[in-house]
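Enquirer: quick one: sequence plus predicted model below, questions after.
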Amino acid sequence: MRIGVLTGGGDCPGLNAVIRAVVRKGIGTYGHEFVGFRDGWRGPLEGNVMDLNIKAVRGILPRGGTILGSSRTNPFKIDRGVERIKENLAERGVDALVAIGGEDTLGVATKLTELGVNVVGVPKTIDNDLNATDYTFGFDTAVNIAMEAIDRLHTTAESHHRTLVVEVMGRHAGWIALHAGLAGGANVILLPEQKFDLDQVANYVEKRYQTNYSPIIVTAEGAMPLDGQMVLANGELDAFGHVRLGGIGQWLAEQLEAKTGKEARAVVLGHIQRGGAPTAFDRVLATRLGLAAIDAVHAGDYGKMVAIQGTEIVRVPFIAATGELKTVPPERYGEAEVFFG
Ligand code: F6P
């Protein structure tokens with residue numbers, strides 16, 4: 001068989017580990033051939049390919065990013081997008097695709113499957129918000145980066161008796177904020193799932209100063225005050241209709257400084273959370289998902305995403321993963337609230 005591989009959406013550590021596992025097992029165990037499609041769905045759309053063989057995947061296990069490149073291209077928003085993908089796959093003799101991506105990339109994979117394209121999906125997002133899988137690779141790395149940042153911010157906040165607000169990624173799901181905040185001992189954690197009361201956050205900050213510690217507030221970029229909305233970086237929408245968020249941290253710092261009279265500063269971690277080498281957990285998860293993905297292709301079990309449930313790698317229909325986002329349940333937030341203030 002000839003199999004195409006692509007990585008779509010926001011990159012994250014572990015993508016290369018998946019590509020390596022798919023190719024190593026695909027060639028070594030099954031004797032298949034591969035075509036690397038560049039930059040997400042733009043690759044099959046424009047016929048932009050690269051060699052993907054054992055040599056191409058040597059040494060990439062610990063490397064962040066993706067050797068294939070990524071984009072947020074949506075072929076369903078492009079004239080003759082689906083036809084062009086089908087033509088390019090046929091021209092290169094590609095029988096099936098492994099699409100590594102999050103809700104948008106796998107949403108496209110779902111629709112293409114319905115239109116007769118053979119696709120197997122691998123879940124990817126640092127946000128950990130895909131359903132039907134307990135974890136997505138990249139998340140553990142992002143949480144560790146954010147935790148280390150919080151550890152460092154504690155010491156400088158205390159030296160200067162300041163409030164520090166840390167803004168982390170997470171548009172609609174606050175998993176990174178929740179886990180990084182818990183691991184880093186944040187005084188308050190704010191998530192998109194639950195609107196916050198600014199006065200209550202200010203009270204937590206005051207309480208923290210009374211105990212002679214400086215407060216660290218971890219906020220997801222999509223967190224919202226009770227009477228407000230998400231803070232947008234600009235008004236632009238991407239090809240999947242997402243706005244670019246950013247600014248809640250700065251807004252909060254200004255509000256808290258005004259309310260408490262104590263200096264407050266904001267730190268935006270941004271794409272630092274997505275860069276660099278994956279953790280051991282993410283390398284192992286990505287490798288296991290890659291191995292399972294090529295098994296699914298070899299078995300002709302298309303329209304499925306491989307997933308981790310408990311410690312087992314399973315196959316689930318695309319719709320189970322992309323139908324609805326996996327957000328933080330109130331009881332998980334309740335665990336964190338015990339440590340607020
Ligand atoms: O979807 C993953 C993610 O990292 C989100 O947490 C974040 O909101 C978004 O991507 C940022 O996208 P971009 O890299 O395109 O600015």
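Expert: That came through, no problem.
Enquirer: strand partners (parallel or antiparallel) of the lowest-mean-pLDDT helix or strand in the chain?
Expert: When each helix and strand of the chain is scored by mean pLDDT, DSSP states H and E, strand 232-237 comes last, with a mean of 76. Within its sheet, and counting by DSSP bridges, strand 232-237 is paired with strand 243-245 (antiparallel).
Enquirer: give the next helix or strand downstream of the partner strand.
Expert: Using DSSP states H and E, the helix or strand that follows strand 243-245 towards the C-terminus is helix 248-260.
Enquirer: just checking, what packs against that following helix?
Expert: Packed against helix 248-260 by the contact rule (3 or more CB pairs under 8 Å, 6 or more residues apart in numbering; DSSP states H and E) you find strand 163-168, helix 198-210, strand 216-220, strand 264-268. Heads up, the C-betas are built off the backbone N, CA and C, glycines and all.
Enquirer: ok, which of the ones you listed comes nearest residue 178?
Expert: strand 216-220 (8.3 Å; CB to CB).
Enquirer: picking up where we left off before, tilt between the least confident helix or strand of the chain and strand 264-268?
Expert: Relative orientation of strand 232-237 and strand 264-268, computed by axes from the mean of the first three to the mean of the last three CA atoms, to 10 degrees: 40 degrees.
Enquirer: just to revisit the earlier point, among the helices and strands packed on helix 248-260, which is the most enclosed?
Expert: Among the helices and strands packed on helix 248-260, strand 216-220 has the highest mean neighbour count (mean count of other CB atoms under 10 Å), at a mean of 30.
Enquirer: list the strands paired with that strand, with their directions.
Expert: Applying DSSP bridges, strand 216-220 is found paired with strand 163-168 (parallel), strand 188-190 (parallel).
Enquirer: how about residue 36, secondary structure?
Expert: strand (DSSP: H, G, I helix; E, B strand; the rest coil).
Enquirer: what about the residue nearest to residue 197 when sequence neighbours are not counted, neighbour count?
Expert: Leaving aside its sequence neighbours, residue 197 sits nearest to residue 226 (CB to CB, 6 or more residues apart in numbering; 5.4 Å). A count of nearby residues for residue 226, using other CB atoms under 10 Å, gives 11.
Enquirer: what's the per-residue pLDDT of residue 226 here?
Expert: As predicted, residue 226 sits at a pLDDT of 94.
Enquirer: interface residues of the chain facing the ligand?
Expert: Selection of the chain residues close to the ligand by CB under 6 Å from any ligand atom yields 10, 102, 125, 126, 127, 169, 170, 171, 221, 244, 245, 274.
Enquirer: which residue ranges of the stretch 51-200 of the chain form helices?
Expert: Secondary structure of the stretch 51-200 of the chain by DSSP state H, counting those that start in this stretch: the helices cover 54-57, 81-91, 103-114, 139-160, 175-184, 198-210.
Enquirer: angle of the strand or helix carrying residue 332 against strand 216-220?
Expert: Per DSSP H and E: residue 332 is located in helix 330-337. Calculated by the same axes, to 10 degrees, helix 330-337 forms an angle of 160 degrees with strand 216-220.
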